[in-house]
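> here's my sequence, what's the structure:
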Amino acid sequence: MIKNLLKIRKPKDIGLAVKRFAVFALPVIVLVAAIGGNMLMGAFKPKPEEKEEVVKATPVVIAEAVAEDVRLSVRTQGEAKPRTEINLTPQVSGKIIYVAPAFIEGGAFEKGDVLIRIEPDEYKFRVVQARSNVAQARSRYASERAEANIAREDWDELGQGEGAALALREPQLAEAAAMLASAQAVLDNAELQLDRTIIRAPFKGRVQTKAVDIGQYVTLGANLGEIFSTGIMEIALPLTDSELGQLGLPVGFRQTTENPGLHVTLTALVGGAPRVWEGVIARTDSGYDRETRVLFAYVEVNDPYGAGADHGAPLAAGLFVTADIEGRTISEATVVPRTALRGADAVFVARADNTLEIRKVTVASSNRTHAVLIGGLKPGEKVITSPVRGVAEGIAIAVAGAPQDDDASTSATVADASN
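Residues are numbered from 1 along each chain as shown. Model (predicted):
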């Protein structure tokens with residue numbers, strides 16, 4: 001019975017096994033066949049011919065480096081300030097009885113002009129009293145001197161040798177002389193105080209501010225106003241270390257007859273019109289500013305409200321000016337357009353074989369239009385002034401406007417170009 005059952009189920013088991021095999025093995029067979037077919041097709045596919053890629057030259061604009069004698073210059077800015085500026089103060093107390101018409105904001109005065117008078121009556125009384133004391137002391141001194149002479153004569157007649165100082169009235173004479181000197185000193189001081197009631201201008205200048213007027217009582221050291229001298233106007237100019245090198249200025253420079261300062265041209269707009277003044281660097285600081293790391297050079301302009309003015313336009317205090325300083329001269333310097341300078345110290349040189357070279361140079365000075373080089377480039381060499389994209393050492397270039405040869409473009413295989 002059991003055998004019969006097994007015989008009946010066997011064909012079904014075989015069919016089920018076949019179906020399972022087909023389900024799992026067929027995808028694998030298809031995948032293997034696809035891969036094999038693809039490899040076979042690739043093996044029999046003809047190889048493509050290696051095609052040369054044409055690398056086009058980069059178009060550039062060039063300029064020739066020229067040799068010139070160049071005088072270096074530096075442009076900077078600063079504020080004009082009077083070299084001498086003071087607060088006017090009295091040396092005595094009292095009521096103001098006179099103020100000069102020129103003692104007003106913007107007023108001009110000459111050296112020695114009377115600016116303010118303080119009531120002098122009290123100081124005159126002191127002078128009169130001091131003169132009286134001097135007269136009394138002088139009279140006493142004369143009397144003591146006469147008495148001393150008489151004592152000397154009497155002692156000499158006695159023939160007793162050298163007399164005692166008291167007998168010769170020497171102490172009394174010395175006391176009288178001291179009293180006369182003291183009285184004279186008091187008189188001199190009283191006259192000095194009286195003279196100080198008149199406040200005179202210590203220099204030729206202008207009034208910056210006015211703080212008092214007639215009838216006001218002022219004390220010793222009170223502020224009467226601010227005045228400044230128009231003899232010399234000064235401008236402090238900040239200079240970096242490289243700018244000092246361009247100008248040839250040392251730290252702690254002082255102008256002398258043998259070593260004159262550098263000439264400076266100062267410009268500014270005054271009333272909408274451009275104005276020009278001439279000055280000289282008289283000195284430099286002895287150290288660098290700790291915050292800005294610059295060194296200040298001081299330009300002096302003589303008589304800025306007179307002979308130093310520009311057609312009547314003075315170099316006024318507080319005016320902000322642009323300064324152009326003439327520095328040292330470089331003989332046979334190499335000059336290129338400013339656009340040829342790449343970064344701080346490099347240029348792109350156009351070689352004779354129409355390739356680009358990146359070269360380091362030494363820059364002495366540069367402005368908006370030109371750069372002055374003192375190393376790294378020779379006159380006559382060609383520099384690239386136009387922008388260059390994807391710059392690299394040795395890339396092919398084509399000079400704009402120049403006739404193109406067959407070699408203007410460089411042919412190379414893909415493999416070579418990648419290298």
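
> isn't Ser93 right up against Gln216?
No: contact criterion Cβ atoms under 8 Å: Ser93 and Gln216 do not qualify, at 11.6 Å. Heads up, the C-betas are built off the backbone N, CA and C, glycines and all.

> between these two, who's got more neighbours?
Between Ser93 and Gln216, counting by other Cβ atoms under 10 Å, Ser93 is the more crowded of the two (16 against 13).

> quick check: closest non-adjacent residue to that one.
In space, and not counting its chain neighbours, Ser93 is closest to Thr219: 4.7 Å by Cβ to Cβ, 6 or more residues apart in numbering.

> distance check, the one you found against Pro90.
With distances taken as Cβ to Cβ, to the nearest Å, Thr219 is found 8 Å from Pro90.

> likewise for Ile62?
The value you get for Ile62 to Pro90, if Cβ to Cβ is used, is 74 Å.

> pretty sure Arg145 contacts Ala176?
Yes: using Cβ under 8 Å, Arg145 is in contact with Ala176, at 7.5 Å.

> flag the shaky bits of the stretch 51-200 of the chain, pLDDT-wise.
Low-confidence segments of the stretch 51-200 of the chain (pLDDT under 70): 51-55, 154-157, 159-168.

> now the strands for it?
Under the criterion DSSP state E, counting those that start in this stretch, the stretch 51-200 of the chain carries strands at the ranges 53-55, 58-60, 62-64, 66-82, 85-88, 94-99, 108-109, 114-118, 198-200.

> how about the stretch 301-419 of the chain?
Ranges of strands in the stretch 301-419 of the chain, per DSSP E, counting those that start in this stretch, are 320-337, 341-342, 346-350, 356-360, 362-366, 370-375, 382-384, 397-399, 410-412.

> can you tell me which of the ones you listed is most buried?
strand 382-384 (a mean of 22; mean count of other Cβ atoms under 10 Å).

> quick one on the thing from earlier: reformat the strands of the stretch 51-200 of the chain as a markdown table; add distance to Asp345.
Shown next, in a markdown table, are the strands of the stretch 51-200 of the chain (distance: least, Cβ to Cβ, whole Å):
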| stretch | distance to Asp345 |
| --- | --- |
| strand 53-55 | 29 |
| strand 58-60 | 20 |
| strand 62-64 | 18 |
| strand 66-82 | 17 |
| strand 85-88 | 44 |
| strand 94-99 | 63 |
| strand 108-109 | 53 |
| strand 114-118 | 59 |
| strand 198-200 | 60 |
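
> save these as CSV, and put in distance to Ala282 and mean neighbour count too.
Shown next, in CSV, are the strands of the stretch 51-200 of the chain (distance: least, Cβ to Cβ, whole Å; neighbours: other Cβ atoms under 10 Å):
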stretch, distance to Ala282, mean neighbour count
strand 53-55, 61, 12
strand 58-60, 48, 18
strand 62-64, 40, 16
strand 66-82, 14, 17
strand 85-88, 17, 16
strand 94-99, 35, 17
strand 108-109, 25, 16
strand 114-118, 29, 20
strand 198-200, 28, 17
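
> who wins for proximity to Asn38 among the ones you listed?
Smallest distance to Asn38 across the strands of the stretch 51-200 of the chain (Cβ to Cβ): 29.0 Å, for strand 53-55.
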